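K.L.:
Curious how this folds, go ahead:
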Amino acid sequence: MKMKDKFFKYIHELQDRITSTLETVDGKASFREDLWERPEGGGGRTRVIENGNVFEKGGVNISGVHGKLPKSMQTYFNVGDVDFFACGLSLVLHPKNPMVPTVHANWRYFEMYNETGEIIDSWFGGGQDLTPYYLFEEDAKHFHQTCKTACDKHNPEFYPEYKKRCDEYFYNTHRNEGRGIGGLFFDYCKASEAMTMENWYNFVKEVGNSFLDAYVPIVEKRKDLTYTKAQRHWQEIRRGRYVEFNLVHDKGTLFGLKTNGRIESILMSLPPHVQWVYDHHPKKGSDEEKLLEVLRNPIDWITK
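P.N.:
Purely as a prediction, here's the structure:
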């Protein structure tokens with residue numbers, strides 16, 4: 001089986017596993033499914049959950065698109081007139097309770113072809129990262145330890161490298177703060193003497209399979225905690241920072257918009273209730289300020 005077919009099959013199965021588990025965790029809402037087609041080639045399966053007991057809004061989407069690489073992306077990749085294929089699973093979950101963190105994950109595969117249809121380049125990318133509104137150190141350690149365990153099965157150097165890349169990538173430079181407390185981020189994972197494409201496939205699959213173990217125990221532990229209107233207010237302000245990153249910096253959003261992707265699926269990552277409060281600063285010594293300190297100064301959660 002070709003790599004693109006094998007990975008596309010895998011993300012279909014992973015989407016089913018993740019959405020069924022999340023519906024059980026929520027206990028009320030179910031995922032709505034939309035099948036869509038891209039006029040230039042390909043399509044996807046969007047699944048969105050809203051107004052649940054636990055999840056206020058979330059999406060777990062897969063897509064597989066192909067065709068001529070748009071001019072704007074030719075410039076980005078520094079290539080000429082080529083065909084491409086891209087597939088992946090992307091998810092974002094915005095819980096109702098501010099004690100439960102938002103989470104994002106993405107696992108993807110990309111191929112480019114010459115005029116005779118031969119593959120001239122291919123790579124994997126992806127990762128998973130956590131965005132809390134109130135910081136529980138044990139949750140941060142659990143999430144990062146799960147990421148490290150998945151990485152260590154393939155290369156002990158992967159976790160520190162991809163953790164560092166995640167801290168650097170999910171960073172609002174205009175705010176001088178991270179979007180969250182990180183996790184893993186890897187891209188352009190290509191065949192080499194050390195790693196074949198089959199090796200990379202097995203690694204990405206390992207990370208994808210670790211997602212529920214990384215996130216669901218945190219949700220179960222925090223979803224029934226009480227919270228105040230002030231804490232909900234803070235959650236909505238922080239969600240604004242999340243929106244800023246996705247619309248200003250995120251490469252995946254840019255790629256979707258540049259390749260005529262489905263707008264509703266691309267922007268499903270945006271939370272339903274958000275606030276931008278002018279010149280907002282949390283009180284000195286508050287839990288909110290403690291979170292900001294961590295976002296400005298990433299922590300090694302494994303050794304902390």
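K.L.:
how about the strands of this structure, start to end?
P.N.:
32-37, 42-50, 55-68, 83-95, 102-113, 119-131, 171-172, 177-178, 182-189 (DSSP state E).
K.L.:
Now render those strands as a markdown table, adding distance to Ser265, mean pLDDT and mean neighbour count.
P.N.:
Placement of C-beta: from N, CA and C, glycine included. Shown next, in a markdown table, are the strands of the chain (distance: least, Cβ to Cβ, whole Å; pLDDT from 0 to 100; neighbours: other Cβ atoms under 10 Å):
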| stretch | distance to Ser265 | mean pLDDT | mean neighbour count |
| --- | --- | --- | --- |
| strand 32-37 | 7 | 94 | 12 |
| strand 42-50 | 5 | 95 | 20 |
| strand 55-68 | 5 | 95 | 22 |
| strand 83-95 | 8 | 96 | 23 |
| strand 102-113 | 13 | 97 | 22 |
| strand 119-131 | 17 | 97 | 20 |
| strand 171-172 | 23 | 95 | 18 |
| strand 177-178 | 26 | 96 | 21 |
| strand 182-189 | 21 | 97 | 22 |
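K.L.:
Show me the one of the ones you listed that comes nearest Met197.
P.N.:
strand 119-131 (6.6 Å; Cβ to Cβ).
K.L.:
Packing partners of that closest one?
P.N.:
Strand 119-131 sits against strand 102-113, helix 137-152, helix 158-169, strand 182-189, helix 197-222, with contacts defined as 3 or more Cβ pairs under 8 Å, 6 or more residues apart in numbering; DSSP states H and E.
K.L.:
want to throw the ones you listed into TSV with distance to Phe84?
P.N.:
Output for the helices and strands packed on strand 119-131, formatted as TSV (distance: least, Cβ to Cβ, whole Å):
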stretch	distance to Phe84
strand 102-113	5
helix 137-152	28
helix 158-169	22
strand 182-189	14
helix 197-222	16
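K.L.:
do you know which of the ones you listed lies nearest Leu93?
P.N.:
Proximity to Leu93 (Cβ to Cβ) singles out strand 102-113 among those, at 5.2 Å.
K.L.:
quick one: that closest one to strand 83-95, angle?
P.N.:
180 degrees (axes from the mean of the first three to the mean of the last three Cα atoms, to 10 degrees).
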